[in-house]
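K.L.:
need coordinates for the following:
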Amino acid sequence: MKYKTNLLSIVAACSCLFVTAQTAPPLELPAFRTTQPIKIDGLLNDSAWKTAPAMKNLIEFRPNVGTREPFETRTETYLLYNDEGIYFGGFCYERTRDSIATELAGRDGFGTNDYIGIIFDTYYDKINGFEYFVTPLNEQWDSKMSPGDGNNGGEDFSWNAVWESGAVIHDNGWSFEMFIPFSAIRFSKKEVQNWGLNITRRRRKTEQQYTWNPVNPNVNGFLTQEGIWTGITNIKPPLRLQFSPYFSTYANHFPSGSKEIKNWNSSVNGGMDMKLGINQAFTLDATVVPDFGQVQSDNRVLNLTPFEVRYQENRPFFTEGTELFNKSGLFYPRRIGIDPILVHSVDEYMNGHDRILRNPVESKLINATKISGRTAKGLGIGLLNAVTNTRYASLEDTLLKSARQVLIDPLTNYNVMVLDQSLKNNSSITFTNTNVWRSGGEYDANVSMAQFSLYDKKNTWNVSGKLGMSLLTGALADKNFRRGYGHSFSFGKSSGRFTFNIKQDLIDRKFRGNDLGYFTTTNLIDHYAYAGYNWIKPTRWYNRMYLNFNFYHSWRLVNPAGFQGMNINANVNGQLKNLWYVGAMAGYEPKSNNYYEPRVEGRYFRGWSNYFLSGWFETNNAKKYSFFANLMFIDRSLFNSKRYSVETQNRYRFNNKLTISHSLSLNPQKRNTGYAGREGSAIIFGRRDIDAVENLLSVKYSFNSKMNINTRVRHYWSQVHYDSYYTLEEDGSLAPNNSFSGNADYNINFFNIDMVYTWQFAPGSFLNVVWKNAAISGNQDVTGNYFKNIGQTMREDDNNNFSLKVIYFLDYLTLRKQMRKKNTD
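P.N.:
Model prediction:
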C-alpha cells in the first residue's frame, strides 16, 4: 500500500508540469429584445438585424488553437429575442462559392458540410446545454449536451426539437437565419437570466473550426469554456404541449410453404406520441400504441462467444433524450420488448411429438412514458416506465392434432428512475434505480446505483466512483443470487497535455443487472490504467497527434479465485497536414484463464498468449472520393493461431445529392480454439478455422433538404469448420478427443435491404415509405466459399415488408395562434 501511495504522489507531481494556464474571463453579449418582425429566409434583410448585438472575431479551435479567423473568411453573427423565441442570424464569408462544402445528408445527417451552430446553457451550470446547427443547404441538426469527458462532452443528436431556419449561398459565402421558439428549449422562470452561450463554425474543406468564446482542447469540457448571454428579461416558459399522431399500414410477404399459413398478411395501425411540458424544466414524453416497424434492421452476426450480442437500439423513443437514463450504464433499452431476459423457453414445453406453430421473437410494447428535466438548482430527474404484453408461443401435438399456447414472457413492467444533482466545477452526484416487475409468480429484479464525479476548481483533476446493488425477489428467484454488489472507483487528470486515469471495477458473483441492463461478466475485480499525451500545435507534417498507453488486469474473485487476463497496449493517432487521419496500435496479452468459454460455472480454459498489431488511415473525407482502411494482425501461442482483420470503406459523392459508399470487412481466423459442445458431462473444445465477411452498400439520394431516399444493402457470411476436438480437463488444459461424434461446423448468411423514402412535408411532420427485405441461410455445409454462399442466399425464401407511415406534428401554441388569427380575420 505504501508503494502505491508513493507512486500516485510521483505521478501527481509530474503531471503538475503540464497543467493548463488560467483561461481568460468569458466573453459577454448583452441580450436585446426586438419587437420588429423577422422573416426566416436566410437573407437578413429585416431591419431588426441592424440593432442586434454582434458576435464576431471568432477564435480557431482546431487545428491552429487560439488563432483569430482571417478577414476574408470571417464570421459575423447576431442574436435577438422576443416574447416567442430566439433569433440567430449571420454571414459566413468565403473566398469563393467553391470554397463552401455542401452535401444534402438529411436531418441530423452531418455529411460533408460546412455548418454554424449556437449552444445555450440555459441554467448556466456549465454541464447541460442545447445545440442548434444549420448548413449552407439549410439542413438542421440539434442535440442536448450533458456531462462527458473531452471537448465535445456528451452530445445526444437523437434529441430533436422543432424550429425554423433558412440559408442562402452567395458568391462570397453563405448567410443563415434561425428562429428557436421557447417551446424548443428549457429554461427557468427567473425575471432576469444569464445563459451560457457559444457559437461554433466549421469549414470542412480546410477542417478549421472556430468558436466565439475561445475553447482550449487541453481543458476538459466544452461548456466549461462558454461565454455569457446577459440580461435576458421577462421571458416566460410557454405551455409545451405537442402531439404527433401517426397512421401506418404494412404488407408482408413470406412464402410459408404451408396451406395453413398465408403468404401475405397486412395490418393497419394508429397511435400517438405526446410531449407535455409539466413545468418550465420537465417534459413528459409518452407513446401510445407505438409502432417501430420501420426502424433499421439489426446487423445480425454468428455468435460463437458465451455472451449475448449487444445490438444497437434504433427505436426513436428509447434513443431520444435518454442521456440521464444512460448515465449509470444500467439501462439497455432493448430489454423492453426486443431482447428481454425470457423467463421461459419454448423448449421446456415440448415433447417428442410437438411442433412449433408460432413463436414470436418480440414482446409487444403496450405503452411507454418518460419524464425528464432539470431544475434551476441543477437537479436532474428522469423517470421511464414501459409495459410489455404477455408473449405466448403456439405448439401443436402432432399425434393428438391439438394446439395449445405456452407462456414465454409474462406481462412485464419496466421502470427506470434517475436523480442527478449538478455541482460546481462540472461535478455531479447521481442515483439510479431500475426495476423489472413480472406478473404471476415469476421473479422480479431491482438494481440501484449511487455514483459521483468530482472535479477541482480548475477542472483538471477528477475522482469518481459507483456503488451498486442488485436484488432478486419472488418465489422463483434464485436464492444464490438474491443480493449482489458492485463498485467502481477512479482517479485521474483530465486537462492538460498530459492526462491519466487509474480505475478499479469490482462485481461479485451474485450481482444480476441483466433484466434491464447489459452485463456479460461478474465475479471479478479489474484494474485499469491510462496515460496520454497530446501535441495540438500544428507542425510541418501534422495538425495534431495523440499518444496513449493502456493497461488492464482482471482477477476472478471466487469459485475458483484466480488470474483471468491482462492487456498492455500503446497507440498513436492524429491528423496530418493533408487532412488525413492515421493511427497505429501494438499490444500484448499473456496467457489467460477463460472462465466463461466452458459455459459451466467453476470450469476454465487455460488460454493463449498473443500479441497484436493494427494500423489505419482515412483520407480527407471533404473530397469527392474518400477511403478508409484498418488492418489488424493477432498472433496466438496456442496451435500457432493467426487472426487477420481487414476493414475498408470507399465513399464517393457524385454531387450534393447523390452519395454511394461501400464497406467491406474480412475477419479470417486460422487454428482458433473454442467451445464446441458437450458429450455427457465432458466439455468439448475444438480447433477451428473461422471466416467472416460483411459487405455493406449504402446509396443516399436527396431531392432537397426535406426529402431523401436511403438504401442500405447488407450481406454477412460466417463459416466455422472444426478440424480436431479436445476434452477440457479440470486444470484448464485440453486433451485430444478422437471419439467425439458431434459436428460443430456451421455456415450462416444474413441478407438485408432497407430502403427508406422520407419527406418532411411540414415542421416535425414526416411521410415515410419503407421496403425491408430479409433472407437467412444456415446449415452445416462448410465446403462453399463466399460467392457460393451469396448465390445460395439469393435463392432462399425471403421476407418482404412494405410500409407507409404518416406522422403529423401538432403544437398547441401554434394551433391557438392560428385560431386567434382566423377569428380576427
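
K.L.:
quick one: the strands in the stretch 601-750 of the chain, in order.
P.N.:
605-606, 610-618, 625-636, 642-653, 658-666, 669-679, 682-704, 707-728, 734-736, 746-762 (DSSP state E, counting those that start in this stretch).

K.L.:
the last one packs against which elements?
P.N.:
With contacts taken as 3 or more CB pairs under 8 Å, 6 or more residues apart in numbering; DSSP states H and E, strand 746-762 sits against strand 707-728, strand 765-779, helix 786-795. C-beta here means a position set from N, CA and C on the backbone, and glycine is covered the same way.

K.L.:
just say which of the ones you listed is most tucked in.
P.N.:
Highest mean neighbour count of the helices and strands packed on strand 746-762: strand 707-728, a mean of 19 (counted as mean count of other CB atoms under 10 Å).

K.L.:
in the sheet, which strands lie alongside that strand, parallel or antiparallel?
P.N.:
Note on strand 707-728: by DSSP bridges, its sheet partners are strand 682-704 (antiparallel), strand 734-736 (antiparallel), strand 746-762 (antiparallel).

K.L.:
can you say which of these is nearest to A450?
P.N.:
strand 682-704 (39.4 Å; CB to CB).

K.L.:
any idea how far the closest one is from the chain center?
P.N.:
Chain-centre distance of strand 682-704: 20 Å, with CA atoms, centre = their mean, to the nearest Å.

K.L.:
now the strands paired with strand 707-728 as TSV including distance to T73, mean neighbour count and mean pLDDT?
P.N.:
What follows is the strands paired with strand 707-728, written out as TSV (distance: least, CB to CB, whole Å; neighbours: other CB atoms under 10 Å; pLDDT from 0 to 100):
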stretch	distance to T73	mean neighbour count	mean pLDDT
strand 682-704	26	19	97
strand 734-736	65	13	97
strand 746-762	31	19	97
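
K.L.:
can you lay out the ones you listed as JSON lines showing distance to Y546?
P.N.:
What follows is the strands paired with strand 707-728, written out as JSON lines (distance: least, CB to CB, whole Å):
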{"stretch": "strand 682-704", "distance to Y546": "28"}
{"stretch": "strand 734-736", "distance to Y546": "41"}
{"stretch": "strand 746-762", "distance to Y546": "35"}
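
K.L.:
which one of these lies closest to R186?
P.N.:
Short answer: strand 746-762, nearest of these by CB to CB, at 23.7 Å.

K.L.:
now do the closest one: distance to the chain's middle.
P.N.:
In terms of CA atoms, centre = their mean, the gap separating the centre of strand 746-762 from the centre of its chain is 19 Å.

K.L.:
would you mind getting the angle between that strand and strand 765-779?
P.N.:
170 degrees (axes from the mean of the first three to the mean of the last three CA atoms, to 10 degrees).

K.L.:
on that earlier part again, what's the closest of the strands of the stretch 601-750 of the chain to P237?
P.N.:
Comparing the strands of the stretch 601-750 of the chain under CB to CB, the one sitting nearest is strand 746-762, at 24.3 Å.

K.L.:
so which of the strands of the stretch 601-750 of the chain comes closest to S464?
P.N.:
strand 610-618 (29.5 Å).

K.L.:
point out where the stretch 51-200 of the chain drops to low pLDDT.
P.N.:
147-153 (pLDDT under 70).

K.L.:
in contact with the most centrally placed residue in the chain, which residues?
P.N.:
For the chain, the residue nearest the mean C-alpha position is Q312 (7.4 Å; CA atoms, centre = their mean). Applying CB atoms under 8 Å, 6 or more residues apart in numbering, one finds that Q312 lies in contact with 298-299.

K.L.:
on the three-state scheme, it is what?
P.N.:
coil (DSSP: H, G, I helix; E, B strand; the rest coil).

K.L.:
by mean pLDDT, point me to the weakest helix or strand of the chain.
P.N.:
None of the helices or strands of the chain scores lower by mean pLDDT, DSSP states H and E than helix 2-15, at a mean of 37.

K.L.:
quick one: name whatever helix or strand follows it.
P.N.:
Of the helices and strands lying after helix 2-15 in sequence (DSSP states H and E), the nearest is strand 28-30.

K.L.:
what pLDDT, on average, does stretch 640-655 get?
P.N.:
Averaging pLDDT along stretch 640-655 gives 96.

K.L.:
list the contacts of it.
P.N.:
With CB under 8 Å, 6+ apart as the criterion, stretch 640-655 contacts 103, 112, 608, 610, 614, 621, 624-636, 659-673.

K.L.:
and G496, that one's in a strand?
P.N.:
No: G496: not assigned to a strand; according to three-state DSSP it is coil.

K.L.:
my guess is it contacts N459. True?
P.N.:
No: under the criterion of CB atoms under 8 Å, G496 makes no contact with N459, lying 10.4 Å away.

K.L.:
R374: which of the strands paired with strand 707-728 is closest?
P.N.:
Using CB to CB, the strands paired with strand 707-728 put strand 746-762 closest to R374, at 29.2 Å.

K.L.:
okay, the angle between the closest one and helix 786-795?
P.N.:
Going by the same axes, to 10 degrees, strand 746-762 makes 60 degrees with helix 786-795.

K.L.:
make 33 the first number, not 1, from now on.
P.N.:
Renumbered: residue one is now 33, and that last one reads strand 778-794.

K.L.:
one step back: in a markdown table, list the helices and strands packed on strand 778-794 along with mean pLDDT and distance to P570.
P.N.:
Output for the helices and strands packed on strand 778-794, formatted as a markdown table (pLDDT from 0 to 100; distance: least, CB to CB, whole Å):
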| stretch | mean pLDDT | distance to P570 |
| --- | --- | --- |
| strand 739-760 | 97 | 36 |
| strand 797-811 | 96 | 43 |
| helix 818-827 | 92 | 44 |
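
K.L.:
how about TSV for these, with distance to A425 added?
P.N.:
Below are the helices and strands packed on strand 778-794 laid out as TSV (distance: least, CB to CB, whole Å):
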stretch	distance to A425
strand 739-760	27
strand 797-811	19
helix 818-827	27
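
K.L.:
nearest to M382 among those would be which one?
P.N.:
Judging the helices and strands packed on strand 778-794 by CB to CB, what sits closest to M382 is strand 797-811, at 20.4 Å.

K.L.:
so what touches the closest one?
P.N.:
326, 329, 778-793, 821, 824-826, 828-841.

K.L.:
could you redo the last one with a cut-off of 6 Å?
P.N.:
For strand 797-811, the external contacting residues (CB atoms under 6 Å, 6 or more residues apart in numbering) are 326, 779-793, 824-825, 828, 830-841.

K.L.:
endpoint to endpoint, stretch 286-303 covers what distance?
P.N.:
Stretch 286-303 has an end-to-end distance of 26 Å (criterion: CA to CA, to the nearest Å).

K.L.:
averaged pLDDT, it. What do you get?
P.N.:
For stretch 286-303, the per-residue pLDDT averages 86.

K.L.:
for it, list every residue counted as buried.
P.N.:
F286 (16 or more other CB atoms under 10 Å).

K.L.:
the closest residue to T128 other than its chain neighbours: how many residues sit nearby?
P.N.:
Residue nearest to T128 in three dimensions, not counting chain neighbours: D203, with 7.3 Å by CB to CB, 6 or more residues apart in numbering. By other CB atoms under 10 Å, the residues close to D203 number 8.

K.L.:
just checking, D203 touches R129?
P.N.:
Yes: using CB atoms under 6 Å, D203 makes contact with R129 at a distance of 5.3 Å.

K.L.:
okay, and the beta partners of E163?
P.N.:
Beta-bridge partners, per DSSP bridges, of E163: I151, S175.

K.L.:
need the contact list for it.
P.N.:
Counting by CB under 6 Å, 6+ apart, E163 touches 149, 151, 175.

K.L.:
again, only this time at 7 Å
P.N.:
149, 151, 174-175, 177, 187 (CB atoms under 7 Å, 6 or more residues apart in numbering).

K.L.:
what of R423?
P.N.:
392, 395, 440-441.
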